[in-house]
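J.: quick one, structure for this:
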Amino acid sequence: MKLLLSLLLWTLLLALCWPLALLFLVAFPFLWLLAIPFRIVGALIEAVLALVRALLFLPARLLGG
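T.: Just a heads-up that it's a prediction; the model follows:
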């Protein structure tokens, strides 16, 4: 569904302003590659927060709460 919506929006952009649509088509892979480190950092932060949460709730889990 998300892919279909993206394709529909890109086709609409192509019909309205084709140079901008072609620029987006060329620039999108570079933007995706640029976003990879931020996605990795986000996953690491999420894992660290899950570990901290598990450590904080450990006494309650041991006591059966």
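J.: for the residue nearest to the spatial centre of the chain, identify the helix or strand it belongs to.
T.: Central residue check for the chain by Cα atoms, centre = their mean: the C-alpha nearest the mean position is that of Arg39, 6.4 Å away. Secondary-structure assignment from DSSP states H and E places Arg39 in helix 18-63.
J.: and what of Leu9?
T.: Take DSSP H and E as the rule and Leu9 turns out to sit in helix 2-16.
J.: quick one: Pro12 and Glu46, what's the gap?
T.: One thing to correct before we go on: residue 12 is Leu, not Pro. Using Cβ to Cβ, to the nearest Å, one gets 34 Å for the distance from Leu12 to Glu46. Glycine gets a C-beta too; all of them are placed from N, C-alpha and C.
J.: could you do Pro29 as well?
T.: Summarising the geometry, the distance separating Pro29 from Glu46, computed by Cβ to Cβ, is 25 Å.
J.: mean confidence score for the helix holding Leu9?
T.: For helix 2-16, mean pLDDT rounds to 91.
J.: same thing with stretch 55-65?
T.: Summarised as a single mean, pLDDT over stretch 55-65 is 87.
J.: check which helices and strands the helix holding Leu9 sits against.
T.: Using 3 or more Cβ pairs under 8 Å, 6 or more residues apart in numbering; DSSP states H and E as the contact test, the elements touching helix 2-16 are helix 18-63.
J.: and the angle for the helix it packs on with helix 2-16?
T.: Using axes from the mean of the first three to the mean of the last three Cα atoms, to 10 degrees, the inter-axis angle of helix 18-63 relative to helix 2-16 is 160 degrees.
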